[in-house]
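Student: sharing a model prediction with you, sequence too.
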2 protein chains.
Amino acid sequence: MTAAPLTLLRAELARRGLDGFIIPRADEHLGEYVPECAQRLRWLTGFSGSAGLAAVLADRAAVFSDGRYVLQLAAETDPTLWERCHIIDQPPPAWLAAHAAGARIGYDPMLISEEGLARYSEAGLAMVAVADNPLDAIWTDRPASPMAPAVAHPLAFAGRASAEKREEVAAALRAKGEDAAILTDPASLAWLLNLRGTDVPYTPLALGFALLRADATVPLFMAAAKLSPGLRAGFRNDVTISDRSAMAPALDALAGQRVRVDAAGAPVWFAARLRAAGATISPGMDPCLLPKACKNATEQAGARAAHGRDAVAICRFLHWMEQAAGRQSEVSAAEHLLALRGEGAHFRGESFPAISGAGENGAIIHYHATAATDRPIRPDEMYLIDSGAQYQDGTTDVTRTVWTGPGMPPAEMQDSFTRVLKGHIAIATLVFPQGVAGPHLDGFARAALWRAGLDYDHGTGHGVGSYLSVHEGPAGLSRAARMVPLAPGMIISNEPGFYQPGRYGIRLENLLLVQAAPFDGGKPFLRFETLTFAPFDARLIDFSLLTRDECAWLDAYHAQVLARAAPALDAAARAWLTQACAPLRRPR
Amino acid sequence: MTAAPLTLLRAELARRGLDGFIIPRADEHLGEYVPECAQRLRWLTGFSGSAGLAAVLADRAAVFSDGRYVLQLAAETDPTLWERCHIIDQPPPAWLAAHAAGARIGYDPMLISEEGLARYSEAGLAMVAVADNPLDAIWTDRPASPMAPAVAHPLAFAGRASAEKREEVAAALRAKGEDAAILTDPASLAWLLNLRGTDVPYTPLALGFALLRADATVPLFMAAAKLSPGLRAGFRNDVTISDRSAMAPALDALAGQRVRVDAAGAPVWFAARLRAAGATISPGMDPCLLPKACKNATEQAGARAAHGRDAVAICRFLHWMEQAAGRQSEVSAAEHLLALRGEGAHFRGESFPAISGAGENGAIIHYHATAATDRPIRPDEMYLIDSGAQYQDGTTDVTRTVWTGPGMPPAEMQDSFTRVLKGHIAIATLVFPQGVAGPHLDGFARAALWRAGLDYDHGTGHGVGSYLSVHEGPAGLSRAARMVPLAPGMIISNEPGFYQPGRYGIRLENLLLVQAAPFDGGKPFLRFETLTFAPFDARLIDFSLLTRDECAWLDAYHAQVLARAAPALDAAARAWLTQACAPLRRPR
């Protein structure tokens, strides 16, 4: 059955005179969550992971994904049709160059960025843009584009009027001599226009495109039927709404103008169309990314409130978990946490699929428990849960790793848990001058693990939106993150971990809000305000590895957890939390 | 009197139809130390700092330098002739664009890199390469190019034969499909050909250029008279020696070939000449930089031996310093240390001008005590000395800051000294996986200062050569360093500091050797081996700020200092060192 799409695609490519074609897991916004209508990779190959690409030639074909998906890729794809490749060890451009040197390889210019395409061209491949995707010609029952309603994000949560934001960003364009910027990231539209939608799961996006002109007006390309009347009324004349089909002519009309295009974030179609029309490309980051990342005072207050409700749900959940071993499973535990969160005000859903992993499943960094993989939570093992919520006033993301008891964990697990905790505290307590970027700080989360020859194979932290993407740019706490200095108002996750494949996983995650740290004189310093409040499991801590300062931080943090969550708990949960947040035994 | 050169230069520019000209402080190798014949900036402006540039227009002229030289720039240049500008706040391209938009600005293509020139072109300036420098036409008593003899660097110190090095680097060129590489850095020639010279102070360089061909042969462009007979005999037929005048024809002969040129390190003249000749430029780092930085086993052993002798000199000096307050000056102290070093085997001179600063002079990061600035070393103040030596088996660089006594330092100074020391220990004790680069680690040296709102305005460390440049690329411990992963065999300085302008300066510097850190399984880790041995002044340490681990490191380090230096000391110095290296009072 999976043979049919591949056979059909090859016939279609032959008809078009193409020797091959690449099919990335992407929609036209190149974002993390892809609507059903754009799940071309899954339809063609069966592979449902969140990152990947297929390359199809007349006589061979391959699916590429990363280390997270090695097993899933093997399970979901037919080995008689597809080679299964690690995208780092065997990059698609190298695979194509090895098997199809000189061939004409097609690509859909709406599904790859200019930087992404450059890696193919640099490998010496003759890449051919197609005007319409050959898969769409054969995928006859392809779902329609999502048409979920877009609604206004109230000023009470957004904190700043759209007109004010538009004027600020337009001024930044004018300062660089730019006439307009292309906006292809729906999160940028959501922030700039104070709108939210439900076109994709987990992130409240309304899919669409826009131009921001240097005079602060915005031609928005989105089906008018999606926009609620309240939203449209609020736009007045500054935001004009057109159908997607009006976008190409609008770009053509920019002939002779300087237009900012994000070479990493925007589909290459935009730069190509603009160049053909005679516009000048001004390469640069999407101008909404940085102001969106720096939350205003209202958004910061919203984040604190949302995290307060989230703390209550997590603390109730952790109390409930005390009795879970032998009675609950990974799936039932995640469902219980979701139900507890649902009781909080302004709750709108999960911010990503919860990672609920017991024992060996905790070591799978992006594990998702399904009916097929679900396993009981057993006594005396590690249990890791990484989950988050979308509230209208803020997005949360928290990970705790607990020991299910009733016995005590082995010393080896305490050792690695404590090293992860030391890394978490090292980040949480950092004070640093303005100008420092995530890549400069990532190592602080790892130094205690490194000292024992241990490490973890993911970044330490990512930006988080305000009732928006749980993974938000441009800053992040990892060596691979962009060199964007941390700035007041940014919300960043702090999530060091450690994984023993086949045995257990540890990850400890709070969200942090970047704040000014005033000192007398000198240059401006920054610090982190912790937003997330839930206890760390003391049974897993080897106190002899902690310094006096680290113990003091833990005690102070636990006192805050108790103060924030206890008032909303019933007596039993409050008694448990009081115990869980009791001052630690002093190490020396 | 200083008016004459500027007037003459303007006349010369007018004769050539140029509206302006830029004069960087650089020779044709774009290195740190510039021979007398290339001190054009100093001759034209009077400014003698180690970094700067002059821009001359018909009606105005400016000299630019950085924050280190604000006072010196003002003192050495005539304000009626020159505007004095901060090169960061007011970059020369912006100054020229503001005052000479559309003008024809000349530059000497042998004195600026392709990347350096690009900053002028990007500012919209019409830059015109001159075939011969107009300053040289008017600087009638310009000294001749240095003709110091170049001698062989014996295998006993170099560890690897030149032929072996040439074959290894040539293989790297072949792997990238390159036919040749341009070598403009005399340190690369010195390493590749196992030669040393005395053309510039402090660094044993013989100035010259070379090509390395993919067949491992080297056309060397250096006056044959400079090369010692032993050196020439060792080259055999693989290294051909030609005069500098043969270089341009040799480049022209590369028509049709792929040639690696370092856009940051090589004068732009090379890329321009090659392009005009029909060669293809392959942009890339000087291929000698990385293998030169990774010292072989012989060089590592040499470094340990050289640092052992250096430790004896420093310990004798620090003992002598106990009686210096009220009797010695900054200059006499530096001279005494130089004399002590001169007693060590294989000593060849200082590796840079010693920074000997008492009290407020310690806060001047690149202070150089001269007869004009010399000041007594007084009782009860801070004294900082940053110095290094060239030994044939290794290059050293060490900084200590001591309290002159007889009283005790104020608590504030102990606080900042201890924070600097904590940063020094944090770097010294790091263990980290391969792949980590200097910019990822720099913050560890600063975190204890940052916590108090303090910082220092220089990098934490730089690479150091093996009887070569004391400032060596490509890796460094600073946020501005290249993203080059640290690798076994690299020698890097660890020198956090703190400066209270007008009062005192603190810097604590050891050299570190990058080593493999074996752990069972998993990926390769690295650690630092400390090369420098000299006590830290315990009077300046606030023990309450140190952790147990930091105290343990200090005690172990001091025990090593004593073990290495004591046998070579006389009784009085040995008694003093035993006291200075005694185990610290335990903080808790």
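Tutor: Yep, that arrived.
Student: span of stretch A:278-289 from start to end?
Tutor: Terminal residues of stretch A:278-289 are spaced 27 Å apart (CA to CA, to the nearest Å).
Student: what is the lengthiest helix in chain A packed up against?
Tutor: Determined from DSSP state H, the single longest helix within chain A is helix A:297-321. Using 3 or more CB pairs under 8 Å, 6 or more residues apart in numbering or on different chains; DSSP states H and E, the elements in contact with helix A:297-321 are helix A:155-158, helix A:330-342, strand A:389-391, strand A:394-395, strand A:398-403, strand A:510-517, helix A:548-565, helix A:571-580. Any C-beta I mention is one placed from the backbone N, CA and C, and that applies to glycine too.
Student: is it possible to get CSV of those that adds distance to B:G20?
Tutor: Below are the helices and strands packed on helix A:297-321 laid out as CSV (distance: least, CB to CB, whole Å):
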stretch, distance to B:G20
helix A:155-158, 52
helix A:330-342, 67
strand A:389-391, 59
strand A:394-395, 55
strand A:398-403, 60
strand A:510-517, 43
helix A:548-565, 57
helix A:571-580, 72
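Student: what sits against A:S188?
Tutor: A:210, A:286, A:288-289, A:292 (CB atoms under 8 Å, 6 or more residues apart in numbering or on different chains).
Student: of the residues you listed, just say which sits nearest to B:A297.
Tutor: Closest to B:A297 out of the contacts of A:S188 is A:L289 (48.8 Å), distances taken as CB to CB.
Student: go through the helices and strands packed on helix A:297-321 and pick out the most buried.
Tutor: Mean neighbours per residue, mean count of other CB atoms under 10 Å in any protein chain shown, is largest over the helices and strands packed on helix A:297-321 for strand A:394-395, with a mean of 30.
Student: hmm, back to that, the longest helix of chain A versus strand A:510-517: what angle between them?
Tutor: 150 degrees (axes from the mean of the first three to the mean of the last three CA atoms, to 10 degrees).
Student: I'd like to know the average pLDDT value across helix A:297-321.
Tutor: The predicted model gives helix A:297-321 an average pLDDT of 98.
Student: could I get the buried residue list for it?
Tutor: A:298-300, A:302-303, A:305-321 (16 or more other CB atoms under 10 Å in any protein chain shown).
Student: same question for stretch A:46-57.
Tutor: A:46-47, A:49-57.
Student: what two of these have the greatest distance between them?
Tutor: A:S50 and A:L57 (25.1 Å).
Student: re earlier: just the contacts of A:S188 now: which is nearest B:E32?
Tutor: Looking across the contacts of A:S188 and measuring by CB to CB, the closest to B:E32 is A:L289, at 38.9 Å.
Student: avg pLDDT for stretch A:507-523?
Tutor: pLDDT averaged over stretch A:507-523 gives 93.
Student: does any part of that stretch sit near chain B?
Tutor: Yes. Using CB under 8 Å from any CB of the partner chain, stretch A:507-523 reaches chain B at A:517, A:519-520, A:522-523.
Student: can you flag the buried ones in those residues?
Tutor: Buried, going by 16+ other CB under 10 Å: A:A517, out of the residues of stretch A:507-523 next to chain B.
Student: now A:T373: how far from chain B?
Tutor: As judged by CB to the nearest CB, to the nearest Å, A:T373 and chain B stand 27 Å apart.
Student: any idea what sits nearest that residue, other than its immediate chain neighbours?
Tutor: A:N361 (7.2 Å; CB to CB, 6 or more residues apart in numbering or on different chains).
Student: which non-adjacent residue is nearest the residue in the stretch 1-150 of chain A positioned nearest to chain B?
Tutor: Residue of the stretch 1-150 of chain A nearest chain B, by CB to the nearest CB: A:G124 (11.6 Å). The shortest distance from A:G124 to any non-neighbouring residue, by CB to CB, 6+ apart, is to A:A97 (5.8 Å).
Student: give me the three-state assignment for that neighbour.
Tutor: Secondary structure, DSSP: H, G, I helix; E, B strand; the rest coil: A:A97 is helix.
Student: show me the contacts for it.
Tutor: Contacts of A:A97 by CB under 8 Å, 6+ apart are A:123-125.
Student: may I have the phi/psi pair for A:G461?
Tutor: The phi and psi values for A:G461, taken as degrees, to the nearest 10, are phi -170, psi 160.
Student: in the stretch 151-300 of chain A, which spans are strands?
Tutor: A:151-152, A:180-183, A:195-196, A:209-213, A:218-221, A:239-242, A:258-261, A:280-283 (DSSP state E, counting those that start in this stretch).
Student: what comes into contact with the longest one?
Tutor: The reference is to strand A:209-213. A:28, A:166, A:169-170, A:173, A:179-184, A:188-189, A:192-193, A:218-222, A:244, A:247, A:250, A:254, A:287-288.
Student: quick one: buried residues of it?
Tutor: Those would be A:209-213, for strand A:209-213 by 16+ other CB under 10 Å.
Student: now do the residue nearest to A:A253 when sequence neighbours are not counted against chain B, distance only.
Tutor: Among residues not flanking A:A253 along the chain, A:A277 sits closest, at 7.8 Å (CB to CB, 6+ apart). In this view, A:A277 and chain B are 25 Å apart by CB to the nearest CB.
Student: my read: A:A277 touches A:A250, true?
Tutor: No. A:A277 is beyond contact range of A:A250, at 10.0 Å (criterion: CB atoms under 8 Å).
Student: what sits against the closest residue to chain B within the stretch 351-500 of chain A?
Tutor: Closest residue of the stretch 351-500 of chain A to chain B, CB to the nearest CB: A:G453 (2.8 Å). By CB under 8 Å, 6+ apart, the residues touching A:G453 are B:431, B:517, B:519-520, B:522, B:525.
Student: name the SS class of the nearest residue to it once chain neighbours are set aside, please.
Tutor: Excluding the flanking residues, the one nearest A:G453 by CB to CB, 6+ apart is B:F519, at 2.8 Å. Following three-state DSSP, B:F519 is assigned to coil.
Student: number of nearby residues for the closest residue to A:D252 other than its chain neighbours?
Tutor: Leaving aside its sequence neighbours, A:D252 sits nearest to A:A277 (CB to CB, 6+ apart; 4.4 Å). Residues near A:A277, counting by other CB atoms under 10 Å in any protein chain shown, number 17.
Student: any stretches of chain A with poor pLDDT?
Tutor: A:1-3, A:585-588 (pLDDT under 70).
Student: tell me which parts of it are close to chain B?
Tutor: A:429-433, A:435-436, A:439-444, A:446-447, A:450-455, A:479, A:517, A:519-520, A:522-523, A:525, A:547-548, A:588.
Student: in ChimeraX, select just the buried ones from these.
Tutor: Selection of buried members from the residues of chain A next to chain B for ChimeraX, criterion 16+ other CB under 10 Å:
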select /A:429,430,431,432,433,436,439,440,441,442,443,444,446,447,450,451,453,454,455,479,517,525,547
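Student: so which of the residues of chain A next to chain B are in strands?
Tutor: If you go by DSSP state E, these have A:431-433, A:517, A:525 in strands.
Student: tell me the one among those residues nearest to B:Q39.
Tutor: Closest to B:Q39, out of all of those and judged by CB to CB, is A:P433, at 36.4 Å.
Student: is the closest one in a bridge, and if so with what?
Tutor: A:F525 (DSSP bridges).
Student: could you look up the SS state of the residue of the stretch 1-150 of chain A closest to chain B?
Tutor: A:G124 is classified as coil under three-state DSSP.
Student: was I right to think it contacts A:A101?
Tutor: Yes. Between A:G124 and A:A101 there is a contact at 7.0 Å, judged by CB under 8 Å.
Student: from the contacts of A:A97, list the buried ones, please.
Tutor: By 16+ other CB under 10 Å, the contacts of A:A97 give A:123, A:125 as buried.
Student: could you dump the contacts of A:A97 to JSON lines with distance to A:P149?
Tutor: Shown next, in JSON lines, are the contacts of A:A97 (distance: CB to CB, whole Å):
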{"residue": "A:A123", "distance to A:P149": "44"}
{"residue": "A:G124", "distance to A:P149": "47"}
{"residue": "A:L125", "distance to A:P149": "42"}
